[in-house]
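*Asks:* Next come a sequence and a model predicted from it.
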Amino acid sequence: MGFYEKIQNIVGPEYVSNSPEVCRAYAYNCFMTYKYSVPPEYIIQPQTTQQVSEVVKACNEYKVPLTPKGPAGGTGSGGFHHGGVCLDLMYMDKITHIDPISMKAVTEAGASYFKLSQEVFKAGMMLPTTEYSCGPTVAGSIVAPVVAFGKTRYGRCCDTVDGLEVVLPDGKIVTLGSLAYENSNFGPFYRYINGPDLVNMFVGSNGAYGIITRVAFGCQKRPPFWGNSFYYWTEEQTAEMEEFMLEATGMEVFDIHLNDRWKFDALFTTPDGVTHHELNFLLNQYPRDAYFFMQNTFCAFSQEELDEKKKQLDELCVKCKGGIMGPELADTLIGNFPTMHAPVCISNQVMKPLFDMNKANYHIIPDSYIYPTVKFGEVFRKIKEVYVKHNYWGFPTPAILDGFPMKGQAICTQTWSYINTRDQDQMDRIFAARTELREWFGAQGGVHEEHQPPNVPAYAWENQKSDYQLGQLIKKALDPNDILSPCTFEMEVK
Amino acid sequence: MSYRNYENSFNQERWTLEEFRDWQDMCLMCGGCTGHGPMDPHNNIELAPYEWSGPERRCPSIEYYKQKAFGGQGRLLNAAAIWRDGAEITDDFVNLMYTCSSCGVCNETCPLYQPMQVILAAREEINAQGKAQPEPLPELYNNVDEKHNLFGLETRAKHVPDLPKAGKNLYFTGCYTSYLLPRIGYVNAELLKRGGLDVCHMGEEEMCCGEIARQGGNTELFRKIARENVEKVKSMGVERVICSCAHCYKTWAKEYPWVLQEELPFTVVHVMDVLKELIDEGKLTPEIEVNKTVTYHDPCFLRGINAYVTRPEDVVSNKHEVARSVLAAIPGLELKEMDRHGRWSYCCGGGGKISLNCYPDFAAATGAERITEAKEAADEVITACPVCYNQLRYAATEANVDIEVGDISVLLAKSCGIDTEYNEVKGGDK
């Protein structure tokens, strides 16, 4: 029996394919920017943990590499630089346990984050770091951890994980953290056990140490009162804005989302490339030198508490010399349905004028950077310097800043750009800017978010050599045949 | 604020194959057209309304063929590989593109790119490169080209609607009604007359709308049919074309302007629009009680963005609400919705007539899923499209589901006291 027949027997023939056309659907990373040089050769869609275990054993037997992937592009990625099997867990999407008393949820790894969030919501709870779009799976958001809504107070998606079920590279099924005693009288209630925290070993692992098949989450009680406030600062006021973000994060604001005005200018730009502020009924109300716009989301268990939080934030904004905006922007653009969880809608609205103007067909995020919040101004000025140098600042090729202050006083910023991929000059310029920024950022000791190696820039590992080398040792011990996500630890770090 | 602004999409409905060859790779890879689960879960205060959250399972192709490649995103990536990276068109590629059910739910989910339009463009590319298409498409092309009807039949059903040959409003019955389901044509004609409308019919001269050529990617044939049909209507001096078939409606309203790259000099509406209009104006009064509970199957081409036409006179953007207004006007009738309804309705298996003809197993499985869902809601399912009507009847029989299948116009006619009896004189359903 050959490999293909064997895996067909394990998961059922309709859940296996080696058609190049079927495999091609997994050959790209987010935004179609990254096309993997070696696409997967097999797509396997198991429906149970036992099937995953059997598939992993078969891959070991036939020395076929295996990389897990969720249904979306950007998260749960990793790449298929060694071909082999792409393990798609979209049919392992059952939510098996919702406990509103102990505030826990357990789900299979392939469930969408949105589906889990919806079910948790129905039980009066919240999963505070719900993803930004409907595609990503819970496991995808752990093996390639993302910054999502609620990050300012609760950290990243992976920070809410209590336990995991994992299929190790030899096919053995293990349960870690709270899932280790899932079926006991006490049930899954607590992440930490005697000894080291092994749950975290699989966070950000890109699936190199094992295939996550189930996840236990710690949920939060859902406050009934929610509010938004919008503030602005001028381009020169980065120090004041840093002060605000640091203090507001300390006050446990639920979420802070920062953009520069290009995002909103793009929304009100017509095909002739001119931002018509007579159309811009929202921004018209604020000074033309307002540059940074910051949305703050907060929640409370009473209206009084909510009002007090808003008052405190307004006072902080004034103290930090920011401008307080009315509710229009929050209510119209962000505070209402559906944009909170669907930035794709906003992105669409931004892309339309930029396509009309520049035939911009790619929404590209060259990199995501994570650094101390107190360094925001320094990084912003460098980003601007590099983008201006490469003529990538302002229409028709704007770079839109998107910032996420997180728990722990770290900030993640991305710079969205919109490029016409048929214009080689534009392509060359954006990638030259990326390279230059990577060199500078790496030299500062920065880390990188989301995209796992080998797409990740080299500095991400150079700045954390010991972690990487220990990761390599663990990988060798667990996976001597280098079967699972083999691209993950292949870089040579001296 | 609505979930999405149709006006702000890229309007790929007007894009030509040349434009898709150049600009096919704008997908943000969010996974909405491919993954399971809601499109929007909640806003932390309340659950997202159905309009925004949608059903957990949306794409019939993925539900049947299981693989992600069979969703909008997978098909888009494959089309991009052909156009951008020079990949070859293989048999698997052809099957991947033609096994789309054409329901357009991916267009409904995607605020950016309208993947369904890419699939149609990929089918055009398959034709342009002279690659073999699934059987029996060549035969169906021949039927509509030479016999002017989808089935290649020599004669129509016995009785075309009894309407004059001239008038401001043209009732376009379409192949299914003219050849298989004449009662629907008869009933609609009677309703329009009862409403006092100046309505006419082409009689024996009516030709197929050519939808199969559009859906199959045979643009040359489709353009020829479109031009002939539009010229004929122009010569009649008609102000409005009324279709009772959802497929004909979408073809006339949206695909003719696309293939001719020009606005039509007349309005195109579905008969539901007109019946609602007549009821609202008090010209049609359903008075007889129809005491039963039914569920309504939204034809894919009468919902959401599929049926959205940007015209000032087309005041109703949510076409799927029009039929519900008509149902609400029938006294005694209770509507019980299926899980998937309105803009998130699920295909009956007809699949733009492509899956029905080329992939009958897929069509049957989709139909079985839909008719089972309908049965969970009510003992009778009604619809507003003869293709869906026929497919749902077939699916009920094949899947052994005990459910009545009906047409909305027939229900309305009964309530208006119009004789809808199935008999030889008027021409019953074949």
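*Replies:* Cool, got the structure. Remember, predicted model here, so these are calculated numbers, not experimental data.

*Asks:* show me where the stretch 1-150 of chain B has helices.
*Replies:* B:17-22, B:50-53, B:60-65, B:72-83, B:91-98, B:105-109, B:115-128, B:137-142 (DSSP state H, counting those that start in this stretch).

*Asks:* Generate a markdown table for those helices, with mean pLDDT as supplementary columns.
*Replies:* A markdown table is the format used below for those (pLDDT from 0 to 100):
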| stretch | mean pLDDT |
| --- | --- |
| helix B:17-22 | 89 |
| helix B:50-53 | 86 |
| helix B:60-65 | 96 |
| helix B:72-83 | 92 |
| helix B:91-98 | 97 |
| helix B:105-109 | 89 |
| helix B:115-128 | 95 |
| helix B:137-142 | 97 |
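
*Asks:* looking at these, which is closest to residue B:286?
*Replies:* Judged by CB to CB, the one of the helices of the stretch 1-150 of chain B that comes nearest to residue B:286 is helix B:50-53, at 27.3 Å. Bear in mind the C-beta positions are built from the backbone N, C-alpha and C, glycine included.

*Asks:* Skip the chain neighbours and tell me the closest residue to residue A:394.
*Replies:* In space, and not counting its chain neighbours, residue A:394 is closest to residue A:262: 7.6 Å by CB to CB, 6 or more residues apart in numbering or on different chains.

*Asks:* deepest of the helices of the stretch 1-150 of chain B, which one?
*Replies:* Of all the helices of the stretch 1-150 of chain B, helix B:105-109 has the most neighbours on average by mean count of other CB atoms under 10 Å in any protein chain shown, namely a mean of 28.

*Asks:* packing partners for it?
*Replies:* helix B:72-83, helix B:115-128 (3 or more CB pairs under 8 Å, 6 or more residues apart in numbering or on different chains; DSSP states H and E).

*Asks:* From the contact counts, what lies against the shortest one?
*Replies:* The one in question is helix B:72-83. Short answer (3+ CB pairs under 8 Å, 6+ apart): helix B:72-83 packs on helix A:20-24, helix B:17-22, helix B:91-98, helix B:105-109, helix B:115-128.

*Asks:* For the residue of the stretch 1-150 of chain A found nearest chain B, pull up the helix or strand it's in.
*Replies:* For the stretch 1-150 of chain A, the residue closest to chain B is residue A:135, as judged by CB to the nearest CB, at 1.9 Å. Using DSSP states H and E, residue A:135 maps to neither a helix nor a strand.

*Asks:* Residue A:433 now?
*Replies:* Counting by DSSP H and E, residue A:433 is part of helix A:424-444.

*Asks:* so which of the helices and strands packed on helix B:105-109 gets nearest residue A:405?
*Replies:* Of these, nearest to residue A:405 by CB to CB is helix B:72-83, at 31.6 Å.

*Asks:* And the closest one, how far out from the chain middle?
*Replies:* In terms of CA atoms, centre = their mean, to the nearest Å, the centre of helix B:72-83 is found 24 Å from the chain centre.

*Asks:* Can you dump the C-alpha atoms of it in CSV for me?
*Replies:* C-alpha atoms of helix B:72-83 as CSV (Å, rounded to 0.1, in the frame of the first residue of the first chain):
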residue,chain,number,x,y,z
GLY,B,72,-14.3,31.2,-4.0
GLN,B,73,-10.8,31.8,-2.6
GLY,B,74,-9.5,28.5,-4.0
ARG,B,75,-10.9,29.1,-7.4
LEU,B,76,-9.6,32.6,-7.4
LEU,B,77,-6.1,31.4,-6.6
ASN,B,78,-6.3,28.9,-9.4
ALA,B,79,-7.5,31.5,-11.8
ALA,B,80,-4.7,33.8,-10.7
ALA,B,81,-2.3,31.0,-11.3
ILE,B,82,-3.5,30.8,-14.9
TRP,B,83,-3.5,34.5,-15.6
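
*Asks:* now the angle between helix B:91-98 and it, please.
*Replies:* Here the directions of helix B:72-83 and helix B:91-98 differ by 130 degrees (axes from the mean of the first three to the mean of the last three CA atoms, to 10 degrees).

*Asks:* now helix B:72-83 against helix B:115-128, angle please.
*Replies:* Using the same axes, to 10 degrees: helix B:72-83 against helix B:115-128 is 40 degrees.
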